[in-house]
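Chemist: Next input, structure requested:
(chains A, B, C and D)
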Protein chains: 2
Amino acid sequence: MAEEPRTARKRRAPRRAASGAAIKASAAAPPADRTAGRKRAPSAEDTALKLWVVLARAQLAVAYHAEADVARHGLTLAEFAILEVLYHRGPLLLGEVQRKILVSSGGVTYLVDRLAAKGLVERRECEHDRRARYAALTPAGEKLVARIFPEHARAIADAVSGLSKSEQQQAIALLRKLGLAASELPVEKGTP
Amino acid sequence: MAEEPRTARKRRAPRRAASGAAIKASAAAPPADRTAGRKRAPSAEDTALKLWVVLARAQLAVAYHAEADVARHGLTLAEFAILEVLYHRGPLLLGEVQRKILVSSGGVTYLVDRLAAKGLVERRECEHDRRARYAALTPAGEKLVARIFPEHARAIADAVSGLSKSEQQQAIALLRKLGLAASELPVEKGTP
DNA sequence: CTTATAAATCTCAGTACTGTAATTCTCAAT
DNA sequence: ATTGAGAATTACAGTACTGAGATTTATAAG
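Modeler: Numbers count the residues shown, from 1 in each chain, chains lettered A, B, ... in the order given. Just a heads-up that it's a prediction; the model follows:
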């Protein structure tokens, strides 16, 4: 996954380290406070930036473990996400898959192509709408997910075990609220 | 950024929608509970998976706004992160930049090359170690960051405004703890 | 000095996607 | 029937990186 010798079997996850997927969060240290000696209350922007940074870093750190787990079976997280959603919900239209796992339209095509090449997923036609196609697990795909999903769940549980169960529940509530609000928000575009 | 008509000036951020960067989090619905009628307490794995999903989605939703903001100036988040860290900390060795923004070694080279081509950053040699090089902002780079950083901070503050300030502080504490613990954790490798 | 090991950066082929445009089909309204 | 808007998928070129290895220089040990 990232510049690690292949011989290593256990290694620390990168902290602020050299490997792992790219983070795109700044290490935003708000500019040093010139009113030396006295502590100022953090501004709304300071708090928000801090939140953004720790959010990105936490996601990255957990993603690193999740990726490492699915990589053991030659899968990317996006591929695994497709397998898993088909496993838990049954056959879905490609568009539905796209919305569930949040990739681009081209992305689903590409991913389903690759999973089909591996024999894990197949396309089926939709009777009522000939534009649309279903993605469905093959027996081999079903068998694979049944085998690796529990391991994966354990890997994730491990990755987030720095938080107690009740802390995890608090975090879930906060992050759900945050994510929903941010998704609802209009995006500013334009090139000033 | 994602399958949106370029004419749109304001649009909702994708919720579980068609666009946005890829999420690699499953939409993990834990398998339906067969012990119908009675609610079972969620297992540790259920809670952990839920946390992972909302974490990934929240990060994605906020990243979407952050990306849209820096894209207005023709920058990626990784490029902006470099500009910003150099702005707030002064010239840094490439390796230091790499560790701060968490990209691969090839990534820093690539990113600094591009920022140099845009005239925003320059390489300087290191006197004590001739293997190493500094990255430093040019006057143009400095000027750019000074101008766009406050806007960016406001964009982020907006993106996370679904949470009150005290909720943001709670989230920061939880996410910091989560991120640090996950980074500390050894990564399981091997192909079973 | 010499050799070895390791650090810092760069090179470059490869990858996992994104985003635009094209294709095929549906549905509603003429 | 025809037309036209729009939905679902696919094609494909482009992008922003990653990761393994090469190169150059430093540091330590003999």
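Chemist: Spell out which parts of chain A neighbour DNA strand C.
Modeler: A:76-79, A:103-107, A:110-111, A:128-131 (CB under 7 Å from any atom of the strand). To be clear about C-beta, it is placed using only N, CA and C from the backbone, and glycine gets the same treatment.
Chemist: Sort out for me which of these are in helices.
Modeler: Taking DSSP state H, the ones among the residues of chain A next to DNA strand C that sit in helices are A:Leu77, A:Ala78, A:Glu79, A:Ser105, A:Gly106, A:Gly107, A:Tyr110, A:Leu111.
Chemist: Tell me the buried residues within the residues you listed.
Modeler: A:Leu77, A:Ala78, A:Glu79, A:Gly107, A:Leu111 (16 or more other CB atoms under 10 Å in any protein chain shown).
Chemist: In this structure the fourth one contacts A:Gln98, no?
Modeler: Spelled out, that is A:Gly107. Yes. In this structure A:Gly107 lies within contact range of A:Gln98 using CB atoms under 8 Å: 7.3 Å.
Chemist: Show the low-confidence segments of chain A, by residue range.
Modeler: When residues are selected by pLDDT under 70, those of chain A lie in A:1-37, A:189-192.
Chemist: Which stretches in it count as helices?
Modeler: Going by DSSP H, chain A shows helices at A:44-71, A:77-89, A:94-101, A:105-117, A:139-159, A:165-184.
Chemist: mind saving the C-alpha coords of the shortest one as PDB?
Modeler: Pointing back at helix A:94-101 there. Provided in PDB are the C-alpha atoms of helix A:94-101 (Å, rounded to 0.1, in the frame of the first residue of the first chain):
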ATOM      1  CA  LEU A  94     -25.700  -0.300 -11.200                       C
ATOM      2  CA  GLY A  95     -27.100   3.200 -10.400                       C
ATOM      3  CA  GLU A  96     -28.200   2.000  -7.000                       C
ATOM      4  CA  VAL A  97     -24.700   0.600  -6.300                       C
ATOM      5  CA  GLN A  98     -23.200   3.900  -7.400                       C
ATOM      6  CA  ARG A  99     -25.300   5.800  -5.000                       C
ATOM      7  CA  LYS A 100     -24.600   3.500  -2.100                       C
ATOM      8  CA  ILE A 101     -20.900   3.400  -2.400                       C
END
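Chemist: and that helix, what other elements does it pack with?
Modeler: Applying 3 or more CB pairs under 8 Å, 6 or more residues apart in numbering or on different chains; DSSP states H and E, we find helix A:94-101 packed against helix A:77-89, helix A:105-117, strand A:133-137.
Chemist: For it, list every residue counted as buried.
Modeler: A:Leu94, A:Glu96, A:Val97, A:Gln98, A:Arg99, A:Lys100, A:Ile101.
Chemist: ok, the residue of chain A found nearest DNA strand C to chain B distance?
Modeler: Nearest to DNA strand C, among the residues of chain A, is A:Gly106, at 2.0 Å (CB to the nearest atom of the strand). Distance of A:Gly106 to chain B, computed by CB to the nearest CB, to the nearest Å: 9 Å.
Chemist: thinking again about what came up before, want to throw the helices of chain A into CSV with distance to B:Arg154?
Modeler: Output for the helices of chain A, formatted as CSV (distance: least, CB to CB, whole Å):
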stretch, distance to B:Arg154
helix A:44-71, 7
helix A:77-89, 32
helix A:94-101, 30
helix A:105-117, 31
helix A:139-159, 33
helix A:165-184, 15
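Chemist: Just tell me which of those ends up closest to B:Ala135.
Modeler: helix A:44-71 (19.9 Å; CB to CB).
Chemist: Run the angle between the closest one and helix A:139-159 for me.
Modeler: Calculated by axes from the mean of the first three to the mean of the last three CA atoms, to 10 degrees, helix A:44-71 forms an angle of 130 degrees with helix A:139-159.
Chemist: and helix A:44-71, does that touch chain B?
Modeler: Yes. Counting by CB under 8 Å from any CB of the partner chain, chain B has neighbours in helix A:44-71: A:44-45, A:47-52, A:54-69.
Chemist: tell me how far that helix is from the chain's mean position?
Modeler: How far helix A:44-71 lies from its chain's middle: 10 Å, per CA atoms, centre = their mean, to the nearest Å.
Chemist: Does DNA strand D have contacts with that helix?
Modeler: No. Judged by CB under 7 Å from any atom of the strand, helix A:44-71 and DNA strand D are separated, with a smallest distance of 8.1 Å.
Chemist: Next, find the distance separating the residue lying closest to A:Tyr87 once chain neighbours are set aside from A:Val121.
Modeler: Among residues not flanking A:Tyr87 along the chain, A:Val145 sits closest, at 4.3 Å (CB to CB, 6 or more residues apart in numbering or on different chains). The gap separating A:Val145 from A:Val121 is 10 Å, by CB to CB, to the nearest Å.
Chemist: Look at the two and report which has more neighbours.
Modeler: A:Val121 (24 against 19; other CB atoms under 10 Å in any protein chain shown).
Chemist: Which residues are in contact with that one?
Modeler: For A:Val121, the contacting residues are A:Ile82, A:Leu83, A:Leu86, A:Val112, A:Leu115, A:Ala135, A:Ala136, A:Leu137, A:Thr138, A:Gly141, by CB atoms under 8 Å, 6 or more residues apart in numbering or on different chains.
Chemist: For A:Lys177, see how far away it is.
Modeler: Distance from A:Val121 to A:Lys177, by CB to CB: 34 Å.
Chemist: and if you look at A:Ala48?
Modeler: Taking CB to CB, one finds A:Ala48 at 15 Å from A:Lys177.
Chemist: The helices of chain A: which one's closest to B:Ile156?
Modeler: helix A:44-71 (4.9 Å).
Chemist: how far off helix B:165-184 does that closest one point, in degrees?
Modeler: Using the same axes, to 10 degrees: helix A:44-71 against helix B:165-184 is 30 degrees.
Chemist: ok, and for helix A:44-71, which residues are buried?
Modeler: For helix A:44-71, by 16+ other CB under 10 Å, it's A:45-70.
Chemist: How many residues are close by the closest residue in space to A:Asp69 that isn't next to it in sequence?
Modeler: Distance criterion CB to CB, 6+ apart; nearest residue to A:Asp69, sequence neighbours excluded, is A:Ala155 at 4.0 Å. Residues contacting A:Ala155 under the criterion other CB under 10 Å number 23.
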